[in-house]
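# predicted model and sequence follow; I will ask about them next.
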Number of protein chains: 2
Amino acid sequence: MSRQMVRPGGRSARVQAAVHAAVRELASEVGRDALTVPLIAQRAGVTPSTIYRRWGDLQELLSDVAVERLRPDTAPRDHGGLSSDLTVWAEQFLDEMASPTGRAYIRDALLGDPDGSNAGQCSAYAAEQINVILSRAAERGEDTPDVETVIDAVVAPLMYRILFRPDGLDTSYASRLVTGVLEPTIR
Amino acid sequence: MSRQMVRPGGRSARVQAAVHAAVRELASEVGRDALTVPLIAQRAGVTPSTIYRRWGDLQELLSDVAVERLRPDTAPRDHGGLSSDLTVWAEQFLDEMASPTGRAYIRDALLGDPDGSNAGQCSAYAAEQINVILSRAAERGEDTPDVETVIDAVVAPLMYRILFRPDGLDTSYASRLVTGVLEPTIR
DNA sequence: CACCTTAAAGCAAAATCATTGCTTCTACGA
DNA sequence: TCGTAGAAGCAATGATTTTGCTTTAAGGTG
């Protein structure tokens, strides 16, 4: 019943692809805020009622598209050590997510998401990336925190600030968080 | 130009109060998702165009109301010690925010918020509460972390999970986070 | 391979919502 | 007390959303 569970390869899949493509195209042409269901439908060669019946409303559609765009397209780079792997990853995560575009995607993903599954997917992407980094480090014999710890200590603070306090964020904050989780000290 | 900066005591203030009240009443009567601008306008004894002119759209109005409802109505209770003060506060914070109602308010606050000021206000509320707790502890001579640290280590993880992974949250998670920030240990 | 079944898409009308120009009201300052 | 300007009301217009019904096509069955 999930929106991703359409009959693959059939007309439904074509419509989904066309609609998603239309959203991405129009978002870059006329801007995220000018999107409307009828506009998207026209570009996708589809009737508006199809979109309303499948996605419910514009927000849910945008949420779907946002999750798709927030999926990492590549495994985190290997820099030969846990510390640099995590630092680079966190800095890049912050860069991408704190940009106006990134914030818009995050908000879209959170918004049209009654059951929280889309937001959960975003979190799962981050967890997966971190898991890759930690597993690699463990194979090297490094001592590693577990994924949940990194999420609490790095991802959560980054996300919190991106969403609630977008000012004064820079990459040094990300690296400080990573340092904090990797080198626990007595305060 | 902020929405709070209306002429106090005049007609504008009455309208604002009536509209906010209408939103709260209707939200509990027909449910958050059934709210529409015309419905709210009718209940508030106001024309829809007034709402559109003043707030722009439904989302911004809901964002305003949400921030108002997320404002703590009371200072955190004093339990005589930093650890219990913070633990109780964090558990209550989680309770309120993780409920369906609380999540809806958070999302609304984040949503209709082009400039991020409403979300920033929410964060400021939490920071203020924590500041009260920490100041009290400092006066007692307790050793305290600073507000930013508590936000990173307690508030951010709670918020992250509320927003991105609403499943499997319980009060013990909140107290674990508090313990973590107050009693730093070498992992 | 032809035929059924059914989920999804198209179509079009109706309802609802959003926008806007213009008028009227009222709080505030001189 | 009066003038002014910001805010609200009103009403017409335009856009979006919803809905009943029809048509299409994917996937299963004999």
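Perfect, thanks for sending it.

# from here on, contacts and neighbour counts on C-alpha atoms
Noted.

# and A:Ile130, how many neighbours does it have?
24 (other CA atoms under 10 Å in any protein chain shown).

# what sits against it?
Applying CA atoms under 8 Å, 6 or more residues apart in numbering or on different chains to A:Ile130 gives the contacts A:Leu86, A:Val147, A:Val150.

# from B:Val65, how far out is it?
37 Å (CA to CA, to the nearest Å).

# mind listing what the residue nearest to the spatial centre of chain A touches?
For chain A, the residue nearest the mean C-alpha position is A:Leu70 (3.1 Å; CA atoms, centre = their mean). Going by CA under 8 Å, 6+ apart, A:Leu70 touches A:Tyr105, A:Ile106, A:Cys122.

# now, among the contacts of A:Ile130, which is nearest to DNA strand C?
A:Val147 (35.6 Å; CA to the nearest atom of the strand).

# neighbours around A:Pro157, how many?
A:Pro157: 26 neighbours (other CA under 10 Å).

# tell me the pLDDT at the closest residue to DNA strand D within chain A?
Residue nearest to DNA strand D within chain A: A:Gly10 (3.8 Å; CA to the nearest atom of the strand). Per-residue confidence at A:Gly10 stands at 78 (pLDDT).

# residues contacting it?
Counting by CA under 8 Å, 6+ apart, A:Gly10 has no contacts.

# who are the contact partners of the closest residue to A:Cys122 other than its chain neighbours?
Closest residue to A:Cys122 apart from its sequence neighbours, by CA to CA, 6 or more residues apart in numbering or on different chains: A:Val67 at 6.4 Å. Counting by CA under 8 Å, 6+ apart, A:Val67 touches A:Tyr105, A:Ala109, A:Asn118, A:Ala119, A:Gln121, A:Cys122.

# surely A:Asp85 meets A:Gln92?
No. Here A:Asp85 does not reach A:Gln92: they are 10.7 Å apart, not a contact under CA atoms under 8 Å.

# re the thing from before, taking the contacts of A:Val67 one by one, which sit in strands?
Per DSSP state E, strands hold no members of these.

# I'd like the next helix or strand past the helix or strand harbouring A:Val67.
Here A:Val67 sits within helix A:58-70, counting by DSSP states H and E. Next helix or strand after helix A:58-70 toward the C-terminus (DSSP H and E): helix A:82-98.

# ok, and what's touching that following helix?
Taking CA under 8 Å, 6+ apart as the rule, helix A:82-98 contacts A:76-79, A:102-103, A:106, A:130, A:133-134, A:136-137, A:142, A:144, A:154-155, A:158, A:162, A:166, A:170-172, A:174-175, A:178-179, A:182.

# phi first, then psi, for the nearest residue to A:Asp143 once chain neighbours are set aside.
Excluding its sequence neighbours, the residue lying closest to A:Asp143 (CA to CA, 6+ apart) is A:Ala137, at 7.5 Å. Backbone torsions of A:Ala137, given as degrees, to the nearest 10, read phi -60, psi -40.

# contacting residues for A:Ala137?
Contacts of A:Ala137 (CA under 8 Å, 6+ apart): A:Gly81, A:Leu82, A:Asp143, A:Thr144.

# ok, the first one - how many residues close by?
What that stands for is A:Gly81. 14.

# over to the last one?
Using other CA under 10 Å, the number of residues around A:Thr144 comes to 19.

# same check, this time on the one 10 residues further on
When neighbours are counted by other CA under 10 Å, A:Val154 registers 27.

# which element is the nearest residue to it once chain neighbours are set aside on?
Excluding its sequence neighbours, the residue lying closest to A:Val154 (CA to CA, 6+ apart) is A:Leu177, at 5.5 Å. Using DSSP H and E, A:Leu177 sits within helix A:171-182.
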